[in-house]
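Asks: fold the following and give me the result.
(6 chains)
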6 protein chains.
Amino acid sequence: MRLLTRLLEPKTIVHAHCDLPCGVYDPAQARIEAESVKAIAEKYAQNTDPEFRARAIFIKEQRSELVKHHLWVLWTDYFKPPHFEKYPQLHTLVNEATKLAGATGTKGSMDAKVADDLLAKIDEIAEIFWETKKS
Amino acid sequence: MRLLTRLLEPKTIVHAHCDLPCGVYDPAQARIEAESVKAIAEKYAQNTDPEFRARAIFIKEQRSELVKHHLWVLWTDYFKPPHFEKYPQLHTLVNEATKLAGATGTKGSMDAKVADDLLAKIDEIAEIFWETKKS
Amino acid sequence: MRLLTRLLEPKTIVHAHCDLPCGVYDPAQARIEAESVKAIAEKYAQNTDPEFRARAIFIKEQRSELVKHHLWVLWTDYFKPPHFEKYPQLHTLVNEATKLAGATGTKGSMDAKVADDLLAKIDEIAEIFWETKKS
Amino acid sequence: MRLLTRLLEPKTIVHAHCDLPCGVYDPAQARIEAESVKAIAEKYAQNTDPEFRARAIFIKEQRSELVKHHLWVLWTDYFKPPHFEKYPQLHTLVNEATKLAGATGTKGSMDAKVADDLLAKIDEIAEIFWETKKS
Amino acid sequence: MRLLTRLLEPKTIVHAHCDLPCGVYDPAQARIEAESVKAIAEKYAQNTDPEFRARAIFIKEQRSELVKHHLWVLWTDYFKPPHFEKYPQLHTLVNEATKLAGATGTKGSMDAKVADDLLAKIDEIAEIFWETKKS
Amino acid sequence: MRLLTRLLEPKTIVHAHCDLPCGVYDPAQARIEAESVKAIAEKYAQNTDPEFRARAIFIKEQRSELVKHHLWVLWTDYFKPPHFEKYPQLHTLVNEATKLAGATGTKGSMDAKVADDLLAKIDEIAEIFWETKKS
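Replies: Next up, the predicted model:
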């Protein structure tokens, strides 16, 4: 399903956090980090070596923080007042997504399902993002 | 005026961005960085040396980014759904404040008045923050 | 042309620099930063304000460094000895690309053509990357 | 006791590590991080979950490093030769405080008492700091 | 043996990662971080305290990443095409060294012997580096 | 003169800022960054291109900050109370050196002589450092 969505998305430019502004944004950056978080959770379940697990916890913390950052940048640098008017659920959506990448979400859990919830939230944000790009 | 406000504020604990969670937050951290930004803008106006000005632009960029970060952390890690319900203007307030610390705000301007606008927004957020602490 | 290439690329997983390893890589991350660099160069040409230009130089420095980093990560963490055997030009290609994102490339120049050269090099690396993904 | 002290402190300006110089400093920044360190130590004692504990160790390391940094900045950027003359114990005080936030202090220990010792040292520095502000 | 080598090395200037360019490089920076990694591995073997070990794993991750970075900088910013022509094994050598400082090397292992292998690779690179300095 | 000193220095292990502790320190790290700062100042004098100069100012800021950091680490993590007793000038020496790498020193000046003053201070610290290593 995701492959189909990606093929259909008109993707020209990407990235975030330039704040010049560059005008270049893409929710894929947040999604990519969330995919890493999920991959870490899956490997953690399969590898009980304590040294490996310590590294996994530390690296998952860092990738989760990057998810939060990329989403915050979209929320502040990309989305504008007309967007928030058209999509009144947008503030709450981004707030929930960033909470899902924090201590009460993927930072505090090694459960891959929490990473799935985060990915689902990011996809909701991406859907709105691409609609705004068309208009 | 500000000194009086600070004396009257019940301040026990502070900080941001621990995301353990530590339970330790204070809008003063964002305000402090915004005060630095204002101080830089004022010094910039008084010192036309090109080397000094280049440093000032670069350092203001960094402090502005820290303002954005501290506010984002409050928005995601401190404020909870009941807060957003009780203060329906809170999402917009934080979004405007972080925009005011970005390219369309203090990052993109050496005007001390823009820093004042940012400080005023932060004070509005701080007012809500301290009300939530009392309840 | 690029849109067509992107549609045809089998893209499942992404990201770089997890080094757990996560197994998640994509040259798009380097390309994205290079696109930012190009966008900055274009805006620089259109805006002669000295404060804007100072910010642009500083931000381009940071994005260029990120290009270098993403490419280095692919070169060390993703590509393996069989890849270097199959593509004997690969070492030189990555070395040239990272040089193009450095002081003798996009860091040291505001010419959008230098950014184009960098993007072209990244596309060459991406082509090899996706071939290795198929095998 | 601490609330009273905070109310009585003449606090006008804050922050550290601008090094423009901004002229904006406050020992509260170091204290805030030390309070986080103490909070982490307390939570660590109450939560034996190995994943939580791993995160706590890693985050305490980071907050301790920030304590060291804020104190170093006061020592180098704020305090001047006349201060060191008037307060001959000041060098040793700051040196001891930064050691207390390092490997032989809060970095290497989960004992909340070590964090208390660090907070006490910071308060001694703050006392001298506020005296210098009055003069 | 190493002391003798260090005494005989014509060392005038050092450092890396300025990319202005400064023209100042030395493989000693990578070696220094690798020595730290080895020291951490040795202390890890002697201290079974779980908190100490968690810190050691986290710090070794950081130092290993710095080894990778310093070597990448030499490979991109110092070594030029004539060097790669004269030393056809150089690309592979640096690639292997950076892999030895990553997940399949010192990041993923607490074995001091892996750190020794890394140090040996760095010495091979240093040998070539100093030969290029003489010519 | 400096080459001779370096040849005569008993140098076994190096580094800073591990704070595990690793037990691995060397003032050369601070000196190396100071040499970069000097090199930048010299190139700045020879190249009047405004874009080059903007980059030089920004990069010098970063290298100067690293000088401060390496010296702070020696002062806190390496030097112990017996050292401060034996060398009563040591606190002042390190304080002056870190000030010389800050806003009133190399950060705030493109004069290569200021970098020379900084290098001279670092050499004084190094002299004491190596004496402590012998005892």
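
Asks: please count neighbours and contacts with C-alpha atoms only from this point.
Replies: Noted.

Asks: secondary structure element holding A:P21?
Replies: For A:P21, there is no helix or strand it lies in under DSSP states H and E.

Asks: that one: neighbour count?
Replies: Counted with other CA atoms under 10 Å in any protein chain shown, the neighbours of A:P21 add up to 20.

Asks: what's the closest non-adjacent residue to it?
Replies: Of all residues not flanking A:P21 in the chain, B:A103 sits nearest, at 6.1 Å (CA to CA, 6 or more residues apart in numbering or on different chains).

Asks: correct me, but the one you found touches A:D19?
Replies: Yes: if you go by CA atoms under 8 Å, B:A103 and A:D19 touch, sitting 5.4 Å apart.

Asks: so how far is C:I59 from the residue nearest to A:P21?
Replies: Here the criterion is CA to CA, to the nearest Å. By it, B:A103 lies 12 Å from C:I59.

Asks: chain B contacts on chain A?
Replies: Residues of chain A lying near chain B by CA under 8 Å from any CA of the partner chain: A:19-21, A:72, A:75-77, A:91, A:95-96, A:98-99, A:102-103, A:108.

Asks: by pLDDT, give me the weakest of these.
Replies: Lowest pLDDT of the residues of chain A next to chain B: A:P21, 87.

Asks: quick one: contacts for A:H83?
Replies: A:T132 (CA atoms under 8 Å, 6 or more residues apart in numbering or on different chains).

Asks: and it, which helix or strand is it part of?
Replies: With DSSP H and E as the test, A:H83 turns up in helix A:81-86.

Asks: now the element after the worst-scoring helix or strand of chain A on mean pLDDT, going C-ward?
Replies: Lowest by mean pLDDT, DSSP states H and E among the helices and strands of chain A is helix A:2-8, with a mean of 41. For helix A:2-8, the succeeding helix or strand toward the C-terminus, using DSSP H and E, is helix A:28-46.

Asks: near chain E at all, that following helix?
Replies: No: Helix A:28-46 lies apart from chain E when judged by CA under 8 Å from any CA; the minimum separation is 13.4 Å.

Asks: pull out the buried positions in that helix.
Replies: A:28-44 (16 or more other CA atoms under 10 Å in any protein chain shown).

Asks: between helix C:28-46 and that helix, find me the angle.
Replies: 160 degrees (axes from the mean of the first three to the mean of the last three CA atoms, to 10 degrees).

Asks: close to chain C, is helix A:28-46?
Replies: Yes: residues of helix A:28-46 are located near chain C by CA under 8 Å from any CA, namely A:32-33, A:35-36, A:39-40.

Asks: related to what we said a few turns ago, now list whatever residues contact both of B:A103 and C:I59.
Replies: A:L20.

Asks: where does chain A have low pLDDT?
Replies: Chain A contains residues with pLDDT under 70 at A:1-17.

Asks: pull the number of nearby residues for the nearest residue to A:L90 once chain neighbours are set aside.
Replies: Ranked by CA to CA, 6+ apart and with sequence neighbours excluded, the top spatial neighbour of A:L90 is A:F84, at 6.2 Å. A:F84 has 14 neighbours, counted by other CA under 10 Å.

Asks: quick check: A:F84 touching A:H91?
Replies: Yes: A:F84 is within contact range of A:H91, at 7.2 Å (criterion: CA under 8 Å).

Asks: mind listing what the residue sitting nearest the centre point of chain A touches?
Replies: Nearest residue to the geometric centre of chain A (CA atoms, centre = their mean): A:A30, 3.3 Å. A:A30 makes contact with A:66-68, A:70-71, A:122 under the criterion CA under 8 Å, 6+ apart.

Asks: tell me the one of the residues you listed nearest D:K134?
Replies: A:K68 (42.0 Å; CA to CA).

Asks: tell me which residues of the one helix or strand the closest one maps to are tucked away?
Replies: For A:K68, the element it lies in under DSSP H and E is helix A:50-73. Buried residues in helix A:50-73, counted by 16+ other CA under 10 Å: A:51-61, A:63-73.

Asks: distance from that helix to the middle of the chain?
Replies: 12 Å (CA atoms, centre = their mean, to the nearest Å).

Asks: alpha carbons of that helix, as PDB, please.
Replies: What follows is helix A:50-73, C-alpha atoms only, in PDB (Å, rounded to 0.1, in the frame of the first residue of the first chain):
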ATOM      1  CA  PRO A  50      23.100  -6.900  26.800                       C
ATOM      2  CA  GLU A  51      25.700  -4.900  25.000                       C
ATOM      3  CA  PHE A  52      23.700  -4.900  21.800                       C
ATOM      4  CA  ARG A  53      20.500  -3.900  23.700                       C
ATOM      5  CA  ALA A  54      22.300  -1.000  25.500                       C
ATOM      6  CA  ARG A  55      23.400   0.300  22.100                       C
ATOM      7  CA  ALA A  56      19.900  -0.100  20.700                       C
ATOM      8  CA  ILE A  57      18.300   1.800  23.500                       C
ATOM      9  CA  PHE A  58      20.700   4.700  23.100                       C
ATOM     10  CA  ILE A  59      20.400   4.800  19.300                       C
ATOM     11  CA  LYS A  60      16.600   4.600  19.400                       C
ATOM     12  CA  GLU A  61      16.600   7.600  21.800                       C
ATOM     13  CA  GLN A  62      18.500   9.600  19.200                       C
ATOM     14  CA  ARG A  63      16.400   8.600  16.200                       C
ATOM     15  CA  SER A  64      13.200   9.300  18.100                       C
ATOM     16  CA  GLU A  65      14.500  12.800  18.900                       C
ATOM     17  CA  LEU A  66      15.000  13.300  15.200                       C
ATOM     18  CA  VAL A  67      11.400  12.300  14.500                       C
ATOM     19  CA  LYS A  68      10.300  14.900  16.900                       C
ATOM     20  CA  HIS A  69      12.500  17.500  15.400                       C
ATOM     21  CA  HIS A  70      11.400  16.900  11.800                       C
ATOM     22  CA  LEU A  71       7.800  17.100  12.700                       C
ATOM     23  CA  TRP A  72       8.300  20.300  14.800                       C
ATOM     24  CA  VAL A  73      10.000  21.900  11.800                       C
END
